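Enquirer: Kindly return the folded structure for what I paste below:
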Amino acid sequence: MAVLCKKNVALCLLFTITSGLCFFHSSAELQRFEHPTKSDGSLSFLVVGDWGRRGAFNQSQVAHQMGRIGEKLDINFVVSTGDNFYDDGLTSEQDTAFEESFTKVYTANSLQKQWYSVLGNHDYRGNAEAQLSPLLRKIDSRWLCLRSFIVNSGLAEIIFVDTTPFVNAYFTDTKDHTYDWRGFHSRKLYIANLLKDVELALKESTAKWKIVVGHHAIKSVGHHGDIKELSKWLLPVLQANNVDFYMNGHDHCLEHISDTNSPIQFLTSGAGSKAWRGDIKGLNRGGLKFFYDGQGFMSVQLNKMDAEIIFYDVFGKILHSWRTSKQLHQST
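Expert: Residues are numbered from 1 along each chain as shown. Presented below is the predicted three-dimensional model:
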């Protein structure tokens, strides 16, 4: 069993999660979307999370700066790390919050690109199926939100992971909130199959850069901190398969933490609107390179040799930049 686990982390976790079941139902392969690079082979995109408040809490100001930076970098697309609509997701495909928090806020020309989005816990508090509906794409063609999927450019492969079902509290602490778990016949099998699909995609990827996006943080010094279920189940899969970046929202802040056990960089961009919570967990944490408890967003620029990550505040000021070279396997 030990040898099997070393070769296939997700399969090992599958046996553990399913608590003795001798078989499992294989999930469908993650849906893939091809997104070409620029003519020079590079790729650039913005990352924002926890934003949908009809322009309030400086959402509109962040959106304005995203438009400015997006034009400067000639971005290919935008990544949303979840909690797309507050406080309780959408009520239906006809909910006006979709246009009032998305279409009418992100109006800059540079942001009229594809948006790739995952669901956050606040999205699951509403009609989660509504955000996944193709009907929203008829309202605004930029919108693409699925539970888990892959965006591949050849240069980079980005795996979007539905992290909310991993968190035990959303199934046990239901006094104040209810969650839309329609379609979940077995949470354990859902998680196990998702881990298997993620590991398979990472193992088969030939992309120069491997990126995983989820709503919840694996490592964070913000309000919510580390999500222990992701540290237990998802992190070993990422570490075993040479993932370069894990990007998330959930904590309403901007932060950069280096893994002490692998080359993975943990990048939180959850500051698209309401922020400034003021509670911080351990700024002396090992691997912490940057933390900002305020509003803003992140840009990612990739080519075959280098990656550059930049964090911006609500005024578009650069707060933190970090570059790494793939060839030299070292960062500055």
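
Enquirer: and the residue lying closest to Phe149 once chain neighbours are set aside, what are its phi and psi?
Expert: Sequence neighbours aside, Gln31 is the residue nearest to Phe149 in space, at 4.7 Å (criterion: C-beta to C-beta, 6 or more residues apart in numbering). To be clear about C-beta, it is placed using only N, CA and C from the backbone, and glycine gets the same treatment. The phi/psi pair for Gln31 (degrees, to the nearest 10) reads phi -70, psi 140.

Enquirer: thought Gln31 was touching Val151?
Expert: No: the criterion here is C-beta atoms under 8 Å, and Gln31 misses it with Val151 at 10.0 Å.

Enquirer: who touches the residue nearest to Phe149 in this structure?
Expert: Residues in contact with Gln31 (C-beta atoms under 8 Å, 6 or more residues apart in numbering) are Leu146, Phe149, Ile150.

Enquirer: for Tyr312, same thing?
Expert: Taking C-beta under 8 Å, 6+ apart, we find Tyr312 in contact with Gln65, Ile69, Gly296, Phe297, Met298, Ser299, Ile318, Leu319.

Enquirer: Could you check the pLDDT of the third one?
Expert: Okay, so that is Gly296. Looking at Gly296, its pLDDT reads 98.

Enquirer: Check whether it really touches Ala63, as I assumed.
Expert: No: in this structure Gly296 lies outside contact range of Ala63 using C-beta under 8 Å: 11.5 Å.

Enquirer: Neighbour count for the two, which is higher?
Expert: The residue with more neighbours, out of Gly296 and Ala63 and counting by other C-beta atoms under 10 Å, is Gly296; that gives 28 against 23.

Enquirer: Please name the residues that touch the more buried one.
Expert: Neighbouring residues of Gly296 by C-beta under 8 Å, 6+ apart: Val62, Gln65, Leu254, Ser269, Ala271, Phe311, Tyr312, Asp313, Val314, Leu319.

Enquirer: Now, these that are in strands?
Expert: Judged by DSSP state E, strands contain the following of the contacts of Gly296: Leu254, Ser269, Phe311, Tyr312, Asp313, Leu319.
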